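> show me the folded form of this:
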Amino acid sequence: MSTARSTALALLIVGGALTLSQPRAQAEDLRIGFLAPRTGIYTAIGTDMLNGFQMYLDEHNGMLGGVKVNFIVEDDQGKPDIDVTKAKKLILQDKVHMLVGALLASSAYALGPVSTAEKVLYIGTSSTADDLAQRQVDKYPYVAFSNWVPSLPNHPLGQWACDQGYKRISAVVADYAFGYEQLGGFQQTFEDCGGKIVQKIWTPLGTKDFGPYIPTMKSDIDAIFTLMVGPMSLQFPKQLRAAGNKKPIVAGGTSYDEFVLPFMGDEVIGDVSALMYSAAIETPKNEDFVKRYRAKYGKVPSYYSEGNYTTAQWIDEVMTKHKGQFPGPTEFIKTMASIKLDAVRGPVQLDLATKSPIENIYIKKVEKKKMFGYDKDELWNTVIKTYPAVSQFWTYDKATFLKQPVYSRDFPPCKYCE
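As a prediction, this is how the structure comes out:
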């Protein structure tokens, strides 16, 4: 063997040995930017949001899809302009792979353009907006909603209210995008089956005193529809009943969610709401979740908790399919849509065309009782009817539905208002 050939062979052997001895490259950490109120009037909601996501992470050793998560939490104070500022910081400075969370519907509308401009995935967990999943869906290709869009639960609720024989309803609703879209969904189905919304009262976001509004409510009605968020949810039914108004209430889910229910009194017993989650869903999976969450955090989980827990589960399953490698926002959403998630709330699947969920909607009635082995009577959102596999278009033809305007302060028009 020639000297040159011997030298080449030796170098090849040494190089091979060095290659074998090098540790295999590890997958890059998954960087998640989480937006939630950590100060201000919505701090407690932000805590529920964060607790849900963090609980899933804790149960999986801080990993999703087998890769370590760098979980960066930013305080958005429940304000859309701060969401935009914090989102840009997370994207440009922290180089996150995705944004998750935010609270208000107006934040979803504010974050959509940021997601598009920066080509970064945004998963709305609590912050949600109808039109981002409808007429504007193509403008925001990197936005997906893991829990709902505002009108989705209230299409079934409007039908349910009609089925109870209610004919005339007054609406008292928080005056912002989420309120418009929640009432819009309820009004359309309720009026399509013969009911009438005869009054709309808009209350400013953050209202504490409903004294000026309650006396203006009509007396010749069958029920009241309401949608409140945050501390408003606690104050409205308390002040309504204290004023002597005993009309039945049907409500958007945030009005009676478990976030606020433990702080309410017997005045809310019998009130009905609709949402994709109730802590009183009687399945082994939910009972186990409620017990684990309550043991960890000392309270019953709210929809904000379950929604963010389920979002973490969904991310986990997507990342597992991609062997711990973030595939980019477009492919991530496609994979999301390919997974029928066995969530705490029940089966959930993402509609790829709208990037919003198809899921069970639960009609819930507040009752005082014992559940899941707890020895004290407490307020629970008992499920009285389940509408399975509900999409944001309900039973309407999608093409026909999209020809109408997005639900707003003025649509559907209050054609029966007196």
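> count the neighbours of Lys285 for me.
When neighbours are counted by other C-beta atoms under 10 Å, Lys285 registers 13. Placement of C-beta: from N, CA and C, glycine included.
> I figured it hits Val344, correct?
Yes - counting by C-beta atoms under 8 Å, Val344 is a contact partner of Lys285 at 5.8 Å.
> overlap in contacts of the two?
Residues touching both Lys285 and Val344 (C-beta atoms under 8 Å, 6 or more residues apart in numbering): there are none.
> so what would you say the end-to-end distance of stretch 224-235 is?
One end of stretch 224-235 sits 15 Å from the other (C-alpha to C-alpha, to the nearest Å).
> give me the number of residues near Lys89?
Neighbours of Lys89 under the rule other C-beta under 10 Å: 14.
> once you drop chain neighbours, what's closest to it?
Distance criterion C-beta to C-beta, 6 or more residues apart in numbering; nearest residue to Lys89, sequence neighbours excluded, is Glu74 at 7.1 Å.
> so what's the backbone phi/psi at that neighbour?
Torsion angles at Glu74 (phi, psi; degrees, to the nearest 10) stand at phi -120, psi 140.
> oh, and call the first residue 19 from now on, that's how I've got it
Okay, using 19 as the starting number, the last item reads as Glu92.
> for it, name its beta-bridge partners.
Glu92 has the following beta-bridge partners by DSSP bridges: Leu53.
> if I pick it, what's in contact with it?
Counting by C-beta under 8 Å, 6+ apart, Glu92 has contacts 51-54, 104, 107-108.
> local confidence estimate at it?
Looking at Glu92, its pLDDT is 98.
> what does the one 4 residues further on give?
Listed pLDDT for Gly96 reads 95.
> buried ones in stretch 50-64?
The neighbour-count criterion (16 or more other C-beta atoms under 10 Å) identifies 50-56, 59-60, 62-64 as the buried residues of stretch 50-64.
> tell me which of those is nearest to Gln152?
When those are ranked by distance to Gln152 (C-beta to C-beta), Leu53 comes first, at 22.8 Å.
> wait, that closest one touches Lys104, no?
Yes - Leu53 is within contact range of Lys104, at 6.0 Å (criterion: C-beta under 8 Å).
> where do the contact lists of those two overlap?
In contact with both Leu53 and Lys104: 92, 94, using C-beta under 8 Å, 6+ apart.
> of the buried residues of stretch 50-64, which pair is most distant in space?
Greatest spatial distance in the buried residues of stretch 50-64: Ile50 and Ile59, 25.4 Å, computed using C-beta to C-beta.
> quickly note the distance from the residue nearest to Lys107 to Thr143.
Glu92 sits 14 Å away from Thr143, going by C-beta to C-beta, to the nearest Å.
> can you map out the helices along the stretch 69-218 of the chain?
98-110, 123-136, 172-181, 195-210 (DSSP state H, counting those that start in this stretch).
> so where is the protein shaky, pLDDT-wise?
Applying pLDDT under 70 to the chain picks out residues 19-45.
> how does it divide into domains?
48-167+301-376, 172-300+379-421 (automatic domain parsing).
> redo those domains as CSV? Include distance to Pro431.
Putting these into CSV (distance: least, C-beta to C-beta, whole Å) gives the following:
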stretch, distance to Pro431
domain 48-167+301-376, 17
domain 172-300+379-421, 9
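> Cys435: which of the ones you listed is closest?
Closest to Cys435 of these is domain 172-300+379-421 (C-beta to C-beta; 6.0 Å).
> can you tell me the SS state at Trp332?
helix (DSSP: H, G, I helix; E, B strand; the rest coil).
> ok, it - contacts?
Per C-beta under 8 Å, 6+ apart, neighbours of Trp332: 164, 354, 357, 359.
> in helices only, show me the residues you listed.
Met354 (DSSP state H).
> tell me which two in the contacts of Trp332 are the farthest apart.
Farthest-apart pair in the contacts of Trp332 is Ser164 and Ile357; separation 11.4 Å (C-beta to C-beta).
> quick check: neighbours shared by these two?
332, 368.
> what sits against Ala189?
With C-beta under 8 Å, 6+ apart, Ala189 has these contacts: 201, 204-205, 215, 217-219, 242-244.
> rerun that using 10 Å as the cut-off
Residues in contact with Ala189 (C-beta atoms under 10 Å, 6 or more residues apart in numbering) are 197, 200-201, 204-205, 208, 215-220, 235, 239, 242-245, 268, 432, 435.
> setting aside sequence neighbours, what's the nearest residue to it?
Excluding the flanking residues, the one nearest Ala189 by C-beta to C-beta, 6+ apart is Phe243, at 4.5 Å.
> from Phe281, how far off is the one you found?
Taken as C-beta to C-beta, the span from Phe243 to Phe281 is 22 Å.
> between Ser164 and Ile357, tell me which one has more neighbours.
Legend: neighbour count by other C-beta under 10 Å for Ser164 and Ile357, higher for Ser164 (26 against 16).
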